[in-house]
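Asks: Here's a sequence, model it:
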Amino acid sequence: MKKPDLTAIVTFHGERELAQISINSIVRTRAAIERIGVEVETIFMLDCADDLTRLYVVNHPARRPQDRIIEVCYGDLSASRNDAIARANGQCLAIFDGDDLYSEKWLLNAFLRYQEDGRQHVYHPEIIISFDAVRNYNFEVDQRGKQFDPLNLLMTNYWCSCSFADRQTFLDHPYVPKDSLDCGFGFEDWHWNCDTVASGLEHRIVPETALFYRRKRVGSLGSTDKEAFRIIRPTRLFSLYPDASHKQN
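Replies: Have a look, this model is predicted:
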């Protein structure tokens, strides 16, 4: 049996009716890339999902028999993603969150860019459009562009969780689990971005693609991390800049 070209990994927790809307968006971007003959495997990862979220995912009308639903109880986004990555059969992977929306050509354009570049980089959408509790937009930074400065990664996260790369990249650089909600660390995507940059990988932007990022008023992992005053774990990036200046306020 031929292995798929691409695995789309979607994580769910307690999205409830929002899961249905996000799946509609993911199915749309999946259909766009399948029209050029790319075979896509889809993994729906239910991590401690509540009953209503599970109901929407399992009974979604666009779910295909070959789509895989995996139920786990990690209670941790990093651990559930790592599990899905280990089970994935695609040569390249795309990471999705179960409450965001995606432009129709995200997978198609990312895959074409990935092939053109020799399958060696990490890719993100060009623009993030935030909606719901926060309404704004920002353009993501291409690592080869003039705006990129690795020192800034010590203070802010350049790239969103929506990423596309070779499967081996994710295997070589697993997401770091939080261990517990009280560990004091968070922002797993930011940590992953720092670690991959420190290892020599480049984060590139895919033109004419967008992530529609749902900024929930309550319940988002990012908000929870901020409210708990969590910080990013130390990464290899810090060791590359031991003499980075610190300005007193």
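Asks: ok, which stretches of the chain are strands?
Replies: Secondary structure of the chain (DSSP state E): strands at 6-12, 40-47, 68-72, 92-97, 101-102, 122-132, 136-139, 163-166, 185-186, 203-215, 231-232.
Asks: The longest one relative to strand 92-97, how many degrees between them?
Replies: Looking back up the chat, that one is strand 203-215. Computed with axes from the mean of the first three to the mean of the last three CA atoms, to 10 degrees, the direction of strand 203-215 lies at 20 degrees from that of strand 92-97.
Asks: now do the first one
Replies: Orientation check (the same axes, to 10 degrees): strand 6-12 against strand 92-97 gives 20 degrees.
Asks: Which strands border strand 6-12, and is each parallel or antiparallel?
Replies: Applying DSSP bridges, strand 6-12 is found paired with strand 40-47 (parallel), strand 92-97 (parallel).
Asks: any weak-confidence spans in the chain?
Replies: Residue ranges of the chain with pLDDT under 70: 1, 179-186, 217-231, 241-249.
Asks: make it 90
Replies: Within the chain, the stretches with pLDDT under 90 are 1-2, 119-120, 133-134, 150-156, 177-188, 215-249.
Asks: so residue 208 sits right up against residue 125, yeah?
Replies: No: using CB atoms under 8 Å, residue 208 is not in contact with residue 125, being 9.3 Å away. C-beta: built from backbone N, CA, C; applies to glycine.
Asks: what's the angle between the longest helix seen in the chain and strand 40-47?
Replies: Using DSSP state H, we find that the single longest helix of the chain is helix 17-34. Put simply, helix 17-34 runs at 160 degrees to strand 40-47, going by the same axes, to 10 degrees.
Asks: Can you give me the buried ones in helix 17-34?
Replies: 18-23, 25-30, 32-33 (16 or more other CB atoms under 10 Å).
Asks: which helices and strands does that helix pack with?
Replies: strand 6-12, strand 40-47, helix 51-58, strand 92-97, strand 101-102, helix 106-116 (3 or more CB pairs under 8 Å, 6 or more residues apart in numbering; DSSP states H and E).
Asks: list the helices and strands the fifth one packs on?
Replies: Right, the one you point to is strand 101-102. By 3+ CB pairs under 8 Å, 6+ apart, strand 101-102 packs against helix 17-34, strand 203-215.
Asks: any chance of those in a markdown table, plus distance to residue 154?
Replies: Shown next, in a markdown table, are these (distance: least, CB to CB, whole Å):
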| stretch | distance to residue 154 |
| --- | --- |
| helix 17-34 | 32 |
| strand 203-215 | 16 |
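Asks: ok, back up a step: want to try a markdown table for the helices and strands packed on helix 17-34, with distance to residue 77 as columns?
Replies: Below are those laid out as a markdown table (distance: least, CB to CB, whole Å):
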| stretch | distance to residue 77 |
| --- | --- |
| strand 6-12 | 6 |
| strand 40-47 | 7 |
| helix 51-58 | 14 |
| strand 92-97 | 9 |
| strand 101-102 | 18 |
| helix 106-116 | 20 |
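Asks: Which among these is found nearest to residue 237?
Replies: strand 92-97 (20.1 Å; CB to CB).
Asks: With residue 47 as the reference, measure out to the residue lying closest to residue 48 once chain neighbours are set aside.
Replies: Counting by CB to CB, 6 or more residues apart in numbering, residue 48 lies nearest to residue 75, which is 4.9 Å off, once chain neighbours are set aside. Going from residue 75 to residue 47 by CB to CB, to the nearest Å gives 7 Å.
Asks: quick one: which of the two has more around it?
Replies: Set side by side, residue 75 and residue 47 show more neighbours around residue 47, with 22 against 14, by other CB atoms under 10 Å.
Asks: ok, that one - contacts?
Replies: Shown in contact with residue 47 (CB atoms under 8 Å, 6 or more residues apart in numbering): 11, 12, 13, 72, 73, 74, 75, 76, 77, 79, 80.
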